[in-house]
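>>> could you look at this predicted model? Sequence included:
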Amino acid sequence: MSEENLSAAPGVVVDQNGAAESGSMPARLGDALPGKLLLLPLAGRPFFPAQTMPIVIPEDPWRETIERVGNTPHHLVGLVYASAGDGEIPSAEQISRIGTVVRMHQPMRGDGRIQFIAEGLQRFEIKSWISRERPYVAQVEYPVAPVEDKQNVRAYAQAIIAKIKELLPLNPLYKEGLRAYLERFNPDEASPLADFSAAITSGNAKDLQEVLETLPLLARMEKVLNLVQREIEVAGLQTEIRQKVEERVNEKQREFFLREQLKEIQQQLGISKDEKAIELDRFRQSLEGCTVPPDAQTRIDDELRKLSLLDTGSPEYGVTRNYLDHLTHLPWGKYSTDHIDIAHARQVLDADHEGLADVKERIVEFLGVGALKGEISGSILLLVGPPGVGKTSIGRSIASALGREFYRFSVGGMRDEAEIKGHRRTYIGAMPGKFIQALRETKTANPVILLDEIDKIGSSYQGDPASALLEVLDPEQNNSFLDHYLDVRFDLSRVLFVCTANQLDTIPRPLLDRMEVIRLSGYLGEEKLAIAKRHLWPKQRERAGLKPSQLGISNAALRKVIDEYAREAGVRNLEKQLGRIARKSVLRVLEGKTGKVQVTGDNLKEFLGNPVFRQEAPQRGVGVVTGLAWTAMGGATLDVEASLVHTLNRGFKLTGQLGEVMKESAEIAYSYVAAHLREHAGDPKYFDESFVHLHVPEGATPKDGPSAGITMATALLSLARAEAPGIVCAMTGELTLTGRVLPVGGIREKLIAAKRSGLKRALLPAANRGDYDELPAYIKAGIQFDFVSHFSEVVNLVFPPPRRRAAPAGAARKPARRGRQQASRAR
């Protein structure tokens, strides 16, 4: 666009006093305001006519605009607020309708920016766009403010001036702005006063643009008055905060100078020590009453001497100080007195745990040996059992019975041996291992330390924590345990270590050899009922904030919770279900539906929903036999199913997510039964043309182990004989190719599962009779036991001989196959 297109608009001429005839802001003598303007968008806040201040804009997008403004005779440009983000070039649609025409002074360029002084002159309004692309050019008009009542204008002006006077003492920058304003305008002019007052506030861009677009003077001054009042409140709060901070800093400085003066006076008089001397005395006092071994004492003395020579600002000072802090706060030679009272130990165990009579007896026997010797040392107990049977709480009860301090930490998932033996002091943030931390926290050298979840310990490139535990848990070595951080030996032989695990298979054998294993098999229904009544239910009711008068539960409801919602070996899930009942009862009490909530067997479903477990009788039929299994969650019963698929060819299929060992056991059972069918009253050719499918429910549960060997063999024999087992029983035992029945583990857990399922008869390997003899009487009660050493004995028990003798020879050997005649089978 040429310079001629930026000529003055007719009728808008500046008079001799510098004011435009339209009654707007003054310009320079003889100046006219153009009808067409080059526009510069401002992203931060709008520019007011009463302002004179530097403007800084990026050079690249606006260089051409500035050059064209400089080529005009009047050097006028329109500054308009644009609602664009930081660094974003505004579009024509983002530019506000009303802005301020300013005169550009002293434009300068450098560092990718353009800076000039903007002298605000007059409001303008964009009527139409001439160029919507940069450089922006618009056809503008200069709106005329309507005439207002002078009395009201004067009142508002005085109110604004009063507010500005309040604002001036709060920030010196306001004084500088006022001085610049008074150089250009008369204080009695209301319109410039309103614009100036808005410009000096820190209001947001939207509010300031609203003031700029308000032409009626009274309405504009009212908005400005609110902005100034808000600015006074913000500035006053900032001043108050600044004063508080300065007072606090001054007080701290005063205290520091006084403390330094006092310290200097005390040192001159010899009645005070510096910080380093105080630390040294504190370390020496920590060792009072301790029996420190000579090598440890030598190390401590050397470190104290080293600390006394180091400067407090030295990095080595902090390392040495932390090392001495750990070294001098260990319980060297401090032992708590054991209260070895058998009667008291029984009382503590009975109060904390219901049932588990055999486990309690083992623990009391262990304590009795200590009572006879006069001390309990060099012992590592391993409590093995399913989750929720009370392994951790038994460890706490042992500590309570002995009167010792108790410390627990979990080694499950631990992968760094430094957790056991500490980090070397050369590392930043080095710390001693868990055992040294336990001794420091308990303040005795003979606490009870519980190592939880030892069967889940891991290993990685950082070391093998299980191997590091070998030194700790070996009575022959732990009397001189060496932690990497301490680098001096400490006697752990008087510590009683108690470990817990869910299974033994994942514990390294060298580590397991150092422990005395005590098995916790789980609870029977009656034991769970007693635990729920005496411990779990009162605890959950109290946790929910309810009183016995507000919530009750019947024995029938508790039995139903145990049988249908929490059938696992432990009581953890039982406690969760009781907690659900208590929480739902709280809502009923708060809603006022009833005076007392009574949970019974009939309304239990309202609290817990549909039962999780169903009371199902053991399956019976051809090819179906009930077995006993052991899992990390305790014992379980499972029904092994064998079925004939077709008679087109020989085949054998296994399903049920079986492990490698269990698959081999199934293959052995299949081979043995196929080879000995004639001996066991079956057709020896049955499997030659039969495709058999063996399934072990439930399919989604992984299974492994050899203990289902005789169960799978019995199911296959039942299928081949087309005869259901003659007795209802559960069985377990490993089978060999010669028919021998080998012993298996987990007898206690398996029999508890059989008892929980209502089974009255069980077949066990004869080699497990010793395990049977050790079982408590309450587990044996109500179950008939048969011991077998060969599979032929299993056949005689499951398929009684009278039934075989009563059947015709042909029928006894009749297989369950389609498409073959009975006569051919008999031959």
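Great, that's in hand.
>>> run a quick neighbour tally on Val645.
Residues near Val645, counting by other CB atoms under 10 Å, number 12. Where C-beta positions appear, they are placed from N, C-alpha and C, glycine not excepted.
>>> if I look at Met53, how far off is Thr100?
12 Å (CB to CB, to the nearest Å).
>>> tell me which of the two has more neighbours.
Between Met53 and Thr100, Thr100 has the larger neighbour count (other CB under 10 Å), namely 25 against 14.
>>> wait, isn't the more buried one in contact with Ala50?
No: between Thr100 and Ala50 there is no contact under CB atoms under 8 Å: 9.3 Å.
>>> between these two, which contacts overlap?
Here Thr100 and Ala50 share the contacting residues Gly120, scored by CB atoms under 8 Å, 6 or more residues apart in numbering.
>>> partner strands of the longest strand along the chain, parallel or antiparallel?
When the chain is parsed with DSSP state E, its longest strand is strand 113-131. According to DSSP bridges, strand 113-131 has the following sheet partners: strand 52-58 (antiparallel), strand 98-110 (antiparallel), strand 137-141 (antiparallel).
>>> that strand: how far from the chain's middle?
58 Å (CA atoms, centre = their mean, to the nearest Å).
>>> what average pLDDT does it get?
Averaged across strand 113-131, pLDDT comes to 91.
>>> got the buried residues for that strand?
Neighbour-count burial for strand 113-131, counted by 16 or more other CB atoms under 10 Å, picks out Ile114, Phe116, Ala118, Glu119, Gly120, Leu121, Gln122, Arg123, Phe124, Ile126.
>>> repeat that for stretch 100-111.
Thr100, Val101, Val102, Arg103, Met104.
>>> nearest residue to the third one other than its sequence neighbours?
It stands for Val102. Excluding the flanking residues, the one nearest Val102 by CB to CB, 6 or more residues apart in numbering is Ala118, at 4.2 Å.
>>> pretty sure the one you found contacts Ala50?
No: taking contacts as CB under 8 Å, Ala118 lies outside contact range of Ala50: 11.8 Å.
>>> give the contact list for the spatially closest residue to Gly177 that is not a sequence neighbour.
Distances taken as CB to CB, 6+ apart place Ile200 nearest to Gly177, at 4.9 Å, with adjacent residues excluded. Neighbour list for Ile200: Leu167, Tyr174, Gly177, Leu178, Glu231 [criterion: CB under 8 Å, 6+ apart].
>>> list the contacts of the host helix or strand of the first one.
For Leu167, the enclosing helix or strand under DSSP states H and E is helix 150-167. Applying CB under 8 Å, 6+ apart, the contact partners of helix 150-167 are 174, 178, 187-188, 190, 193-194, 197, 200, 217-218, 221-222, 224-225, 228-229, 231-232, 235.
>>> any idea how far Phe791 is from Phe733?
Just so we're on the same page, residue 733 is Gly rather than Phe. For Gly733 relative to Phe791 (CB to CB), the value is 9 Å.
>>> common neighbours of these two, please.
Ile710, Val741.
>>> and Leu578, how far from Thr337?
Using CB to CB, we find Leu578 at a distance of 39 Å from Thr337.
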